[in-house]
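*Asks:* 3D model of this:
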Amino acid sequence: MDYLLTWNCKHIANAQIQRKLEEISLDFGYQLPVICTPYELLGD
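*Replies:* Predicted coordinates for the structure are as follows:
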């Protein structure tokens with residue numbers, strides 16, 4: 001999966017939480033997909 005679209009900006013699409021998720025996923029040997037809102041993906 002390359003992208004994870006979400007409207008949950010308080011938890012999942014939060015920049016501080018994304019850094020933590022990236023760290024955890026790398027520890028387990030996975031690459032975190034780009035987490036963004038549909039508007040961010042479309043460039044609006």
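
*Asks:* SS state for residue 31?
*Replies:* Secondary structure state of residue 31, per DSSP: H, G, I helix; E, B strand; the rest coil, is coil.

*Asks:* now it. Nearest residue, chain neighbours left out?
*Replies:* Once its chain neighbours are removed from consideration, residue 31 has its nearest residue in residue 25; the separation is 6.7 Å (Cβ to Cβ, 6 or more residues apart in numbering). All C-beta atoms are positioned from the backbone trio N, CA, C, and that covers glycine.

*Asks:* from residue 33, how far off is the one you found?
*Replies:* When distances are taken as Cβ to Cβ, to the nearest Å, residue 25 and residue 33 turn out to be 9 Å apart.

*Asks:* same question, residue 43
*Replies:* According to Cβ to Cβ, residue 43 stands 18 Å off from residue 33.

*Asks:* which one's more surrounded, the two?
*Replies:* Counting neighbours by other Cβ atoms under 10 Å for residue 43 and for residue 33 shows that residue 33 has the greater number, 13 against 5.
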